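Participant: Let me see the structure of the following:
(one chain, ligands or ions: 2)
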Amino acid sequence: MGRSLLRSRSLKKLLSIGRRGSDEEPRKSPCHLPSANLASHPKLTWRCFSYREIFQATRGFRQENLVGRGGYAEVYKGILADGQAIAVKRLTPALTDGKREREFLTELGTVGHVSHPNVSCLLGCCVENGLHLIFALSTRGSVSSNLHDESKPIMTWKQRFRIAVGTGRGLQYLHKGCQRRIIHRDIKASNVLLTDNFDPQISDFGLARWLPSEWSHHAIAPIEGTFGCLAPEYYTHGIVHEKTDVFAFGVFLLEVISGRKPVDRFYKSLLIWARPYLNDGSIEAIVDPRIGDDYDLDQLKRLTFVASLCVRASASWRPTMTQVLELLEGTGEISPERWQMPDDEQDEEGFWDFDDLDDDTNSRSSSSSSSGSTGK
Ligand SMILES: Nc1ncnc2c1ncn2[C@@H]1O[C@H](COP(=O)(O)OP(=O)(O)O)[C@@H](O)[C@H]1O
Ligand SMILES: [Mg+2]
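Facilitator: Ligands and ions are numbered 1, 2, ... in the order given. Modelled structure (predicted):
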């Protein structure tokens, strides 16, 4: 079959979301969240900080207080006068333009309206001498730095599983639990931060979008996000909906299990590397060799099964985050038959086996930033 015909058929399938009925789950208002969650994470109100306050807290934005740098912002740790540890995200003055400012305000508008133990906690903002967002400090930095920074201890299986489930809960909350539907658009290990107890918190809402509840999806241009984490319907057509985040979550799971980056320094995709192991069931080969066999096999089966569903090319055959959590937190046997795709759909999965992404990555990342992001 001609490649273009196949592609147009595939596109229809990629876009046919909601067919399995799974996208029709009722939204939950925050008061429907488990009470334990809310009790441990009361609704916080944010406030405006003076520049003087954050200047003093970060000791004049000293270099030694710099804890992170993204595409357009620098993040400094600091201590407020009342002893609270904070992270100040400052829009890099040299990179400030209308687009960056818009992303910054998007982040303020989104993260300022959410409250969940697995989502970064905004304390406030400061608009004097530039734009600043003030967050509670996530003391252990990002999942990415903990996985890939050789100076940090190797993360145990227990920590990794906790991170996988907690991040899933945070994302489920954004999709279904908070007052409006939020699509994050840049789920990846450097945007998931860790508290002292290795509890994950989803951060960096610069690309996030609110979707009206009646829209099945939204088309966005330009395409921004991170190579290796982009769902096919998004990187080919700019289509955004919950399932684009689900796809990125699948890649995130593979990164957490394997300790490999979504795209390595040779521009090789983690997905292409992992797919044969996922397909033939040799899942032990995916585990980060640094943790040896010190892992729980049942948890590994759950994580790899969920990852394989999340990274399906066809959005409609990916699970919702609610279903992801049922699979991750369940205790019974997983039943793969429930998730079996018809043969013709399976054939097309092969077609979308990310060869395009790999080609794109090779050609486009030479002009992208070292973080591998397309837009940030
Ligand atoms: N609340 C925080 N606590 C600790 N470190 C943080 C915090 N927020 C951000 N960082 C660090 O700064 C980095 C960049 O922050 P991020 O919000 O992702 O910026 P960008 O939008 O530029 O990517 C993160 O990967 C992380 O290492
Ligand atoms: Mg980031």
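Participant: Close to ligand 1: what parts of the chain are there?
Facilitator: 67-68, 70-73, 75, 87, 89, 120, 135, 137-138, 141-142, 190-191, 193, 203-204, 206, 376 (Cβ under 6 Å from any ligand atom). C-beta here means a position set from N, CA and C on the backbone, and glycine is covered the same way.
Participant: Return the set of buried residues in stretch 332-342.
Facilitator: Trp339 (16 or more other Cβ atoms under 10 Å).
Participant: got the contact list for it?
Facilitator: Lys301, Arg302, Phe305, Leu309, Arg312, Ser314, Trp317, Pro319, Leu327, Glu349 (Cβ atoms under 8 Å, 6 or more residues apart in numbering).
Participant: contacting residues around the helix or strand where the fourth one lies?
Facilitator: Under the criterion of DSSP states H and E, Leu309 resides in helix 297-310. Defining contact as Cβ under 8 Å, 6+ apart, one finds that helix 297-310 is touched by 157, 161, 164, 246-247, 249-251, 253-254, 256-257, 274, 278, 283-284, 286-287, 317-319, 324, 327-328, 330, 334, 336, 339.
Participant: Mind giving me the ChimeraX select for those residues, buried ones only?
Facilitator: Restricted to buried positions by 16+ other Cβ under 10 Å, the ChimeraX selection for the contacts of helix 297-310 reads:
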select :157,161,164,246,247,249,250,251,253,254,256,257,274,278,283,286,287,317,318,319,324,327,328,339
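Participant: Helices - which of the contacts of helix 297-310 land there?
Facilitator: 157, 161, 164, 246-247, 249-251, 253-254, 256-257, 274, 278, 324, 327-328 (DSSP state H).
Participant: what's near enough to touch the nearest residue to Ile223 once chain neighbours are set aside?
Facilitator: Counting by Cβ to Cβ, 6 or more residues apart in numbering, Ile223 lies nearest to Gly238, which is 5.4 Å off, once chain neighbours are set aside. Going by Cβ under 8 Å, 6+ apart, Gly238 touches Ala219, Ile220, Ala221, Pro222, Ile223.
Participant: Quick one: which of these is the most crowded by neighbours?
Facilitator: Ile220 (18 neighbours; other Cβ atoms under 10 Å).
Participant: Now for that residue: which residues touch it?
Facilitator: Counting by Cβ under 8 Å, 6+ apart, Ile220 has contacts Arg209, Tyr234, Gly238, Ile239, Val240.
Participant: Just to be sure, Gly130 is in a strand?
Facilitator: No: secondary structure of Gly130 (DSSP: H, G, I helix; E, B strand; the rest coil): coil, not part of a strand.
Participant: what about it, distance to Gly109?
Facilitator: 18 Å (Cβ to Cβ, to the nearest Å).
Participant: Check Phe61 too.
Facilitator: Taking Cβ to Cβ, one finds Phe61 at 25 Å from Gly109.
Participant: next one: Ile79
Facilitator: Ile79 is 27 Å from Gly109, by Cβ to Cβ.
Participant: Who has more neighbours out of these two?
Facilitator: Ile79 (15 against 12).
Participant: Just grab the bridge partners of the more buried one for me.
Facilitator: Beta-bridge pairing of Ile79 under DSSP bridges involves Ala85.
Participant: which residues does it contact?
Facilitator: With the criterion set at Cβ under 8 Å, 6+ apart, Ile79 makes contact with Ala57, Ala85, Ile86.
Participant: Could you export stretch 208-218 as CSV, CA atoms only?
Facilitator: The C-alpha trace of stretch 208-218 is given here as CSV (Å, rounded to 0.1, in the frame of the first residue of the first chain):
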residue,chain,number,x,y,z
ALA,A,208,0.0,23.9,29.3
ARG,A,209,-3.4,24.5,27.7
TRP,A,210,-6.9,24.6,29.2
LEU,A,211,-9.3,22.8,26.9
PRO,A,212,-13.0,23.6,27.0
SER,A,213,-14.9,20.5,28.1
GLU,A,214,-16.9,20.2,24.8
TRP,A,215,-13.7,20.1,22.6
SER,A,216,-12.4,16.7,21.7
HIS,A,217,-9.0,18.1,20.9
HIS,A,218,-7.2,21.3,19.9
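Participant: What residues does the stretch 101-250 of the chain have near ligand 2?
Facilitator: Asn191, Asp204 (Cβ under 5 Å from the ion).
Participant: Now do the helices in the stretch 101-250 of the chain.
Facilitator: 143-148, 157-172, 232-237, 242-258 (DSSP state H, counting those that start in this stretch).
Participant: tell me what the third one is packed against?
Facilitator: Okay, so that is helix 232-237. helix 3-15, helix 242-258, helix 355-364 (3 or more Cβ pairs under 8 Å, 6 or more residues apart in numbering; DSSP states H and E).
Participant: follow-up on the earlier one: tell me the buried residues within the contacts of stretch 332-342.
Facilitator: Arg302, Phe305, Leu309, Arg312, Ser314, Trp317, Pro319, Leu327, Glu349.
Participant: Give me the nearest residue to the fourth one, chain neighbours excluded.
Facilitator: Spelled out, that is Arg312. Arg318 (5.1 Å).
Participant: what residues are up against the one you found?
Facilitator: Per Cβ under 8 Å, 6+ apart, neighbours of Arg318: Lys243, Val246, Phe247, Gly250, Leu309, Cys310, Val311, Arg312.
Participant: do you know how far it is from Val306?
Facilitator: 10 Å.
Participant: which secondary structure element contains Ala87?
Facilitator: Per DSSP H and E: strand 85-91 holds Ala87.
Participant: Other residues contacting that strand?
Facilitator: So strand 85-91 is contacted by 54, 57-58, 61, 67-68, 72-80, 100-101, 104, 123, 126, 130-139 (Cβ under 8 Å, 6+ apart).
Participant: Next up, the contacts around Ile54.
Facilitator: Gly78, Ile86, Val88, Cys126, His132, Ile134.
Participant: Quick check: Ala73 vs Asp196, distance?
Facilitator: Ala73 is 23 Å from Asp196, by Cβ to Cβ.
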